[in-house]
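>>> Provided below are the primary sequence and the corresponding predicted coordinates.
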Amino acid sequence: IYLGGTELAEVNLNAITMPAKSNYGLYLDASTDYGVEENYFTGSGATNPIGQTGIVINDNGTSNNSIYRNAFTDIAYGIKAQNSNGNTTSGIFFKCNTFDENKYDIAVTSGGIKKDQGQCVFENVSTPAGNVFTDNLTTSTLQFAANSGVDEIIYHHHNDASAATAPFYEPYEFSSSIISLDECLEDYNALESCPVDFSDGGGSRLVNSGPRGVVDYNLNSKEIKDTLSQFLADIERNKLIRNYLDSEQIAELSTFLSADSSSRAASLNAVIAMKQGNYEAASSNIQLIDENINSEALGYSNELYSIVNELTQDTLSWFDMNAEQLEKIKLLSTINNRIGVVAKLILEEISSVPYEEPLEEIIIESFVDNKENSGITREVTIQIYPHPVGSQSTLQISLSQPSQNSKCFIFNLLGQEMLTFDLFNEHNNFNINNNMLPSGVFIAVIYDGNKFVDSFKFIVGE
């Protein structure tokens, strides 16, 4: 499933099994205000050379969003966040997900996510993050990984008194230079820590006067820290807005948004006005987007909505843009955030300019193991230079404590083995060129005997 440039989408109650050659189960590209709950993602093996991902979150901006009560099994990456997805006060939050037999349960490859993943609030069991990680006593899982340069993350988790036994509420193998842990006093309670939104197996529909799962978030502000209270308010507000749209209660939605001065509200009011043929009101709301100083970080653009309003008023499509409008879209496409991705998707639709959704990797593993060997660091460094591979490149692999059975296998995207290198030393250098491999994308996979160690993708040029 690919969702590009969407707002207020819902992906709930799905069982997604990824074939061996698929890259991901769900890709949220430049999307926001979504609901992603109760989905089950099953991959084709954590060591599948494709490097599959359950959910990819790319450039979703700094609006508050959550990935809630999903399950990820037998995948290279359970959840992968890349580029701008949060800051110190808001952004994507991974809550109450379950991971099993993955290479990485949660990975942040670039940019950032919401800094505080959960909170510790006295006697409130629902505020810690509540994720249950892979049992890495039997696997080589890095439960919470982040590349160098990623923004600081604080993971607030339930009390994990039995540190060496499952279930793991605390990530015991994680990128300690980026991620710090905060253990709450509260114990995990499945019913109260991670309540089910869909009790009867149905979707998020009306129950009496409000949608299932929506709480009175104003009451929470009395007992929860301000930042967490705002986060919960945003999530529940998004649920309510999605419900109004789903049930076509436009008048009720307009009333609900009337007291909201956010860019989100302004953009929705603009869209509602366009659908009602009130283009002057749409233009007024579009100007409100520009007045919100956080609009760009959140991923809203008054220029983009202005073009939409002009085209809608003249009953035109993206294909009918004039030269000035097209140049504005091209300029927006150069911005490295959610707005830029949306503009790239528009250009792909109307022209031959291809847009290929990015898939980043965890590059260097340097992490803390908090189990029996607390404090021991494992390191694998893999580099190819120059890259893409040309007439003469060097594959450099540094592997701590190699054995006589340590090897690097090169696979193509069909899973066919192309080359093999023995890793007898801690530091290994190999010549590689485009005579040895045809042009395309390849995956280097490192094994120590039958034990998977690491993998990464690279490109061979013409």
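On my side now, so go ahead.
>>> Please, where are all the helices along the stretch 101-250 of the chain?
Secondary structure of the stretch 101-250 of the chain (DSSP state H, counting those that start in this stretch): helices located at 190-193, 217-220, 226-246, 250-257.
>>> So which elements touch the last one?
Using 3 or more C-beta pairs under 8 Å, 6 or more residues apart in numbering; DSSP states H and E as the contact criterion, the elements in contact with helix 250-257 are helix 226-246, helix 263-275. (C-beta placed from N, C-alpha, C; glycine too.)
>>> and these, which is most packed in?
Most buried of those, by mean neighbour count (mean count of other C-beta atoms under 10 Å): helix 263-275, with a mean of 22.
>>> who wins for proximity to Ile362 among the helices and strands packed on helix 250-257?
Shortest distance between Ile362 and the helices and strands packed on helix 250-257, using C-beta to C-beta, is found for helix 226-246: 26.4 Å.
>>> one step back: would you reformat the helices of the stretch 101-250 of the chain as TSV and include distance to His157?
What follows is the helices of the stretch 101-250 of the chain, written out as TSV (distance: least, C-beta to C-beta, whole Å):
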stretch	distance to His157
helix 190-193	11
helix 217-220	20
helix 226-246	15
helix 250-257	34
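>>> ok, of those, where does mean pLDDT dip lowest?
Mean pLDDT is lowest for helix 217-220 among these, at a mean of 30.
>>> give me every residue that touches the spatially closest residue to Val389 that is not a sequence neighbour.
Of all residues not flanking Val389 in the chain, Val460 sits nearest, at 4.4 Å (C-beta to C-beta, 6 or more residues apart in numbering). Counting by C-beta atoms under 8 Å, 6 or more residues apart in numbering, Val460 touches Pro388, Val389, Asn434, Leu437, Pro438, Ser439, Gly440, Val441, Phe442.
>>> Out of those residues, name the ones that lie in helices.
Among the contacts of Val460, no member falls in helices (DSSP state H).
>>> doesn't Ser22 fall inside a strand?
No. Counting by DSSP: H, G, I helix; E, B strand; the rest coil, Ser22 is not part of a strand but coil.
>>> on that earlier part again, save the helices and strands packed on helix 250-257 as TSV, and put in distance to Gly43 too.
Listed next are these as TSV, based on distance: least, C-beta to C-beta, whole Å:
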stretch	distance to Gly43
helix 226-246	27
helix 263-275	33
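>>> can you tell which of those is closest to Asn83?
helix 263-275 (19.2 Å).
>>> Just the C-alphas of that closest one, formatted as PDB.
Taking Å, rounded to 0.1, in the frame of the first residue of the first chain, the C-alpha atoms of helix 263-275 are listed here in PDB:
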ATOM      1  CA  SER A 263      -2.800  25.100   9.500                       C
ATOM      2  CA  ARG A 264      -4.600  21.800   9.400                       C
ATOM      3  CA  ALA A 265      -8.000  23.500  10.100                       C
ATOM      4  CA  ALA A 266      -7.300  26.200   7.500                       C
ATOM      5  CA  SER A 267      -6.500  23.700   4.800                       C
ATOM      6  CA  LEU A 268      -9.600  21.600   5.600                       C
ATOM      7  CA  ASN A 269     -11.800  24.600   5.600                       C
ATOM      8  CA  ALA A 270     -10.300  25.600   2.300                       C
ATOM      9  CA  VAL A 271     -11.100  22.200   0.800                       C
ATOM     10  CA  ILE A 272     -14.600  22.300   2.100                       C
ATOM     11  CA  ALA A 273     -15.200  25.800   0.700                       C
ATOM     12  CA  MET A 274     -13.900  24.600  -2.700                       C
ATOM     13  CA  LYS A 275     -16.300  21.600  -2.700                       C
END
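>>> how far out from the middle of the chain is that helix?
Centroid displacement of helix 263-275 relative to its chain, using C-alpha atoms, centre = their mean, to the nearest Å, is 26 Å.
>>> what's that helix packed up against?
helix 250-257, helix 279-291, helix 295-298, helix 302-313.
>>> Repeat the analysis, applying 7 Å as the threshold.
helix 250-257, helix 279-291, helix 302-313 (3 or more C-beta pairs under 7 Å, 6 or more residues apart in numbering; DSSP states H and E).
>>> Okay, now the unreliable bits of this protein?
Scanning the chain for pLDDT under 70 picks out 136-140, 161-166, 198-229, 231-232, 290-298, 364-379, 414-415, 450.
>>> Point to the residue nearest the middle of it.
The centre of the chain sits closest to Ile57, judged by C-alpha atoms, centre = their mean, with a distance of 2.5 Å.
>>> Let me see the contact set for that residue.
Ile57 is in contact with Leu28, Ala81, Asn85, Ile92, counting by C-beta atoms under 7 Å, 6 or more residues apart in numbering.
>>> mind listing the strands for the stretch 101-250 of the chain?
Under the criterion DSSP state E, counting those that start in this stretch, the stretch 101-250 of the chain contains strands at 104-108, 116-117, 142-146, 153-157, 173-174, 179-183, 206-207, 210-211.
>>> Out of the contacts of Ile57, give me the one that has the most neighbours.
Counting neighbours by other C-beta atoms under 10 Å, Ala81 comes out on top of the contacts of Ile57 with 31 neighbours.
>>> The helix or strand where that one lies pairs with which strands, and in what direction?
Per DSSP states H and E, Ala81 falls inside strand 77-82. Paired strands of strand 77-82, with direction, are strand 53-58 (parallel), strand 104-108 (parallel) (DSSP bridges).
>>> For Leu345, which of the ones you listed is the nearest?
Leu345 sits nearest to strand 53-58 of all those, at 11.8 Å, using C-beta to C-beta.
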